[in-house]
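Participant: sequence and predicted structure, then a few things I'm wondering about:
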Amino acid sequence: MNNISLISRIHGCMAALALGDAYGIIGQFSMTANKAMWGSMPKGLTKPKEAPEDPTVHAGMKRGEITDDTMAMLAIVSSVIKCGDLTVEGVADGLVNWIEETDGFNLPWVGPSTQRAIRALMDGGDPRVTGSYGTTNGSSMRVAPIAFLGYPELNRVAEYAIVSALPTHGSSTATSGAASIACATACASNPGSGLEDIAKAAMKGADLGEEAGVRYYQTPSISRRIEWAVDLVSNDKPVEDKLKDVYDFIGTSMLTHETVPAAIAYVVMANGDPMRAIRISTWGGGDCDTLAAIAGAICGAYRGVDAMPSEMLQTIDKVNNLDLGAIAKAYHDVALKINPALATL
């Protein structure tokens with residue numbers, strides 16, 4: 001993936017995360033339920049149906065509306081732009097501000113680990129320990145743009161990812177997931193990388209992150225589950241059979257040890273194409289918006305912002321009162337100061 005500029009990769013990462021989030025709000029708990037709801041995979045952004053026809057927390061949302069996946073990512077990105085670096089305190093402040101500004105405790109799709117930890121932060125808790133019991137996928141869904149702060153050194157990428165996770169998701173499974181996705185994104189940003197390289201980087205990040213987190217109960221190895229997930233989709237089976245294998249064997253819930261391996265498998269299935277990754281992540285069922293956001297972000301860094309339809313990105317900006325291009329430019333400028341190695345991209 002040569003001749004893709006750094007700004008295109010950064011913008012592509014953020015834009016594909018938001019697009020996956022907004023597309024994925026139509027997703028149901030299983031592929032069977034998706035078929036019953038939609039018949040076939042929608043080609044573009046689609047408004048979820050109203051409750052009770054849509055039984056998910058996204059029922060009745062607007063076409064193109066984002067959720068906590070994008071909001072939390074932007075909260076952390078904004079903290080980096082504001083502070084000039086990524087710090088535990090800056091991440092904590094950014095996430096608290098986001099919840100306060102959006103009345104986040106009353107948003108139905110803000111996850112349990114995030115809510116619990118932010119309440120603790122608001123009560124004056126230490127951001128290095130408030131997330132010790134966070135196990136769900138909140139740290140993995142928001143982390144992808146952090147990859148650019150450490151690129152190309154995966155150890156450094158993992159360190160930044162762990163910092164970004166700690167205030168809300170400090171358990172070993174959550175720091176493993178965050179480091180895995182950040183390292184996959186960093187590798188995807190390297191013009192010489194292929195899909196196998198991305199999967200291996202995700203596995204290395206998972207191992208690095210696991211060592212850094214708090215262990216308070218037994219969870220599976222995310223690294224080994226990535227290897228298994230990629231193996232499940234590396235064959236000539238029809239797409240829906242591969243999706244069923246991921247759903248049945250790996251799982252696609254909000255548990256980090258399911259979300260992260262499934263998302264990496266979807267990146268491989270999509271051959272790094274962000275729109276394809278977003279659609280299949282949603283069609284497979286489960287925590288669809290988060291899966292599509294994560295897989296989309298990695299692929300957006302891999303292929304750049306021009307790999308997505310501009311009209312869809314314009315819809316995301318308009319519906320959510322955003323300017324992702326301007327945010328990406330501001331983050332690009334700060335990231336270059338933090339990490340001069342980015343100038344080689």
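Facilitator: Ah, there it is. Model, not experiment: these values are computed from the prediction.

Participant: surely Asn235 is in a helix?
Facilitator: No: under DSSP: H, G, I helix; E, B strand; the rest coil, Asn235 falls outside any helix and is assigned coil.

Participant: any idea how far it lies from Asp241?
Facilitator: Separation of Asn235 from Asp241 (Cβ to Cβ, to the nearest Å): 9 Å. Where you see a C-beta, it was placed from the backbone N, CA and C, and this is true even at glycine.

Participant: what about those two, which has more around it?
Facilitator: Here Asn235 and Asp241 are compared on neighbour count by other Cβ atoms under 10 Å; more neighbours surround Asp241, at 12 against 9.

Participant: return the set of buried residues in the helix or strand encompassing that one.
Facilitator: Element membership for Asp241, per DSSP states H and E: helix 239-245. Judged by neighbour count (16 or more other Cβ atoms under 10 Å), helix 239-245 contains these buried residues: Val239, Lys242, Leu243, Lys244, Asp245.

Participant: who are the neighbours in contact with the first one?
Facilitator: This points to Val239. Val239 sits next to Met269, Ile280 when contact means Cβ atoms under 8 Å, 6 or more residues apart in numbering.

Participant: could you measure it against Met31, distance?
Facilitator: Distance from Val239 to Met31, counting by Cβ to Cβ: 10 Å.

Participant: for the chain, which element, helix or strand, carries the lowest mean pLDDT?
Facilitator: Considering only helices and strands, the least confidently modelled element of the chain by mean pLDDT, DSSP states H and E is helix 112-122, at a mean of 94.

Participant: hey, C-alpha coordinates of the following helix or strand past it in PDB?
Facilitator: Per DSSP H and E, helix 112-122 leads on to helix 138-141 as the next helix or strand towards the C-terminus. Extracted C-alpha coordinates of helix 138-141, given in PDB (Å, rounded to 0.1, in the frame of the first residue of the first chain):
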ATOM      1  CA  GLY A 138     -14.000  -0.200  25.400                       C
ATOM      2  CA  SER A 139     -10.300   0.200  25.400                       C
ATOM      3  CA  SER A 140     -10.000  -1.800  22.100                       C
ATOM      4  CA  MET A 141     -12.700   0.100  20.200                       C
END
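
Participant: okay, now the closest residue to Glu258 other than its chain neighbours: neighbour count?
Facilitator: With Cβ to Cβ, 6 or more residues apart in numbering as the measure, Gly251 is the residue that lies nearest to Glu258, at 3.5 Å, once sequence neighbours are left out. Look at Gly251: counted by other Cβ under 10 Å, it has 18 neighbours.

Participant: circling back to that earlier point, relative to Tyr331, which of the buried residues of helix 239-245 is nearest.
Facilitator: Within the set of those, Leu243 lies nearest Tyr331; the separation is 32.8 Å, counting by Cβ to Cβ.

Participant: quick one, phi psi at the residue nearest to Glu258?
Facilitator: phi 90, psi 150 (degrees, to the nearest 10).

Participant: list the contacts of it.
Facilitator: Glu258, Ala262, Gly286.

Participant: tabulate these (JSON lines), appending pLDDT and neighbour count.
Facilitator: Formatted as JSON lines, the contacts of Gly251 follow (pLDDT from 0 to 100; neighbours: other Cβ atoms under 10 Å):
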{"residue": "Glu258", "pLDDT": "98", "neighbour count": "24"}
{"residue": "Ala262", "pLDDT": "98", "neighbour count": "31"}
{"residue": "Gly286", "pLDDT": "98", "neighbour count": "26"}
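
Participant: give the helix, strand or coil label for Ala75.
Facilitator: Ala75 ends up helix, using three-state DSSP.

Participant: contacting residues for it?
Facilitator: Applying Cβ under 8 Å, 6+ apart to Ala75 gives the contacts Gly94, Leu95, Asn97, Trp98, Arg142.
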